[in-house]
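Participant: Sequence first, then the predicted structure:
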Amino acid sequence: MAYECYRQWIRCVIADKGLRIIRADADYLYLDCGGGDWMINGEATSWCDPFKTWQRTYSFDPTAGLSEEQAELIVGGQQLLWSEQSSPANLDTIVWPRAAASAEVFWTGAGGNGSDALPRLQEWLIGSGSVVSVRSLLQPMWCALRPGECDLPPN
């Protein structure tokens, strides 16, 4: 039980007590992961590598490991960004489109299809005008303007 609670501390420590939960899991929702270690210690990685793509963020299931009753305790989620390696110059490229992907997960629930989400997220990025300043496209603009044309056939 101790090892299981170590791996599922949200369930064992928070949900079992009936407390409300805001999810912010490092494996999915930390925006500063993947940039390498900012302290020079001979290693090129940080504690939370690798980089969390929008697809990884979108695959997050905030209710995993929880009973239906415990899942009702989840009131939302947040993407986290520590500021050691961010500034106004790179903030938008760090945040978007991953924050849009997590917003969809917390608004509509887990288990969505990334292929179905791609056109919605792409439309939001283009429609918000952020693509002009962000320059962090989900896919080449040619593909965004022709949904499905760049998809690879299933294996």
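Facilitator: Received, thanks.

Participant: which residues sit against stretch 58-65?
Facilitator: Contacting residues not belonging to stretch 58-65 are listed as 8, 10-11, 23, 25, 28-29, 71, 74, 77, 101-102, 104-106, 110-112, 114, 117 [Cβ atoms under 8 Å, 6 or more residues apart in numbering]. Yep, even glycine has a C-beta here, placed from its N, CA and C like the rest.

Participant: Quick one: end-to-end length of that stretch, please.
Facilitator: Terminal residues of stretch 58-65 are spaced 18 Å apart (Cα to Cα, to the nearest Å).

Participant: Please give me every residue in contact with residue 149.
Facilitator: Contacts of residue 149 by Cβ under 8 Å, 6+ apart are 142-143.

Participant: got a pLDDT number for it?
Facilitator: Here, the pLDDT recorded for residue 149 equals 81.

Participant: now the helices for this protein?
Facilitator: Ranges of helices in the chain, per DSSP state H, are 2-7, 9, 26-29, 54-58, 68-71, 91-95, 98-108, 114-127, 130-134, 141-144.
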